[in-house]
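# could you look at this predicted model? Sequence included:
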2 protein chains.
Amino acid sequence: MNEMLSQGMQPHCSWCNPTEEETRYLLLQGASWRVYLADKQDDIGRCILVLNRHAGSLSDLDIAEWSELKMIIDRLEAAVNRAFGATMCNWSCLMNDFYKAACPQPHLHLHLRPRYRSPVTVGLRKFRDRRFGHHYKNHRPNRLTAVERDEVFRRFKNVL
Amino acid sequence: MNEMLSQGMQPHCSWCNPTEEETRYLLLQGASWRVYLADKQDDIGRCILVLNRHAGSLSDLDIAEWSELKMIIDRLEAAVNRAFGATMCNWSCLMNDFYKAACPQPHLHLHLRPRYRSPVTVGLRKFRDRRFGHHYKNHRPNRLTAVERDEVFRRFKNVL
């Protein structure tokens, strides 16, 4: 724990302490950022870009972090098109959940939701993006089985 | 129009051809980006960052555009805190509406929605962010009168 604190890591921060399950779905590891396939696959290929250090807002980023973020965005936009035929990407940087706490300690992360004009096939099933051309909907359930999620992870990683 | 096309501008693109109303609420003009106060003030101080040239995705941005974007984000995050006491910012880059068309020609833009733990006062009225700590809600109506919007614009511009 002392080592964590000396690196600015927060002992109670969920992104400073990823679970084993999250780590299993690590797609990319950079000097400043890492990318996980999201556990909730409501949009197929949805993933989360997490800053390696504990910082709370986009304006906290330094030049190296900002530059690497662009390289990762470029790779991910190309990859979701190549692996799944995604038409375009919805990006967001929200962090609202952290602000439910009285003393929020937000950890910067971004969400990528690939969006699809045509259905994407995973395993034997076709997944339609029924709200394509519209804002993504919150609070939808995960659509993939564990086996399908593993296939998405492999196909994603293969083109990164 | 020939001059527009030579600069890569699209004659039928709403962001290549901003309305007089939009131009009246121009907060910032940069070499690569410009920022407007959004017409729909569902979140107080909501604004839109528009790329000056016509390009469709974050991966289309060049280094100069990506660098200026960071400088503008830094200025805006500081400004909404200083002008309105915003607690934090929700950022998004979506562009779904463009994809309702059969041949989409998206024009890159980002949304900034300031979020508030405490009410913000505009004119004589207090505005509460009732969903603070939660995802912003879509399709909410504008909350400000024309006079209140002008006040928000002036206060915003004064601290930029």
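Happy to help now that I have it. Numbers count the residues shown, from 1 in each chain, chains lettered A, B, ... in the order given.
# quick one: the helices in chain A?
Per DSSP state H, chain A carries helices over the ranges A:2-6, A:20-24, A:63-84, A:146-158.
# ok, the residue positioned nearest the centre of chain A to B:Leu144 distance?
With distances taken as C-alpha atoms, centre = their mean, A:Ile48 lies nearest the centre of chain A, 1.1 Å away. Noted for A:Ile48: a distance of 34 Å to B:Leu144, by C-beta to C-beta, to the nearest Å. Using the backbone N, CA and C atoms, a C-beta is placed for each residue, glycine as well.
# per-residue pLDDT of the nearest residue to A:His134 once chain neighbours are set aside, please?
Residue nearest to A:His134 in three dimensions, not counting chain neighbours: B:Asn96, with 5.5 Å by C-beta to C-beta, 6 or more residues apart in numbering or on different chains. We have a pLDDT of 97 for B:Asn96.
# B:Asn96 and A:His135 touch, don't they?
Yes: using C-beta atoms under 8 Å, B:Asn96 is in contact with A:His135, at 6.0 Å.
# state the pLDDT value of A:Asn138.
For A:Asn138, the model assigns a pLDDT of 88.
# how about stretch A:99-114 as CSV, C-alpha atoms only?
C-alpha atoms of stretch A:99-114 as CSV (Å, rounded to 0.1, in the frame of the first residue of the first chain):
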residue,chain,number,x,y,z
TYR,A,99,-19.6,12.2,-7.6
LYS,A,100,-22.2,10.2,-5.6
ALA,A,101,-19.6,10.2,-2.8
ALA,A,102,-19.3,13.2,-0.4
CYS,A,103,-15.6,13.5,-1.1
PRO,A,104,-15.2,12.3,-4.7
GLN,A,105,-11.9,10.9,-5.9
PRO,A,106,-12.6,10.5,-9.6
HIS,A,107,-10.2,8.4,-11.7
LEU,A,108,-10.2,9.5,-15.3
HIS,A,109,-11.6,7.1,-17.9
LEU,A,110,-13.4,7.2,-21.3
HIS,A,111,-16.0,5.0,-22.8
LEU,A,112,-16.0,3.8,-26.4
ARG,A,113,-19.3,2.5,-27.7
PRO,A,114,-19.0,1.2,-31.2
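# what does chain A put close to chain B?
Contact residues, chain A versus chain B (C-beta under 8 Å from any C-beta of the partner chain): A:56-59, A:61, A:63, A:66-67, A:70, A:73-74, A:77-78, A:87-97, A:99-100, A:106, A:115, A:117, A:132-136, A:138.
# rewinding a little: ok, B:Asn96 and A:His135, which is more surrounded?
Taking neighbours as other C-beta atoms under 10 Å in any protein chain shown, B:Asn96 and A:His135 compare with B:Asn96 leading, 17 against 13.
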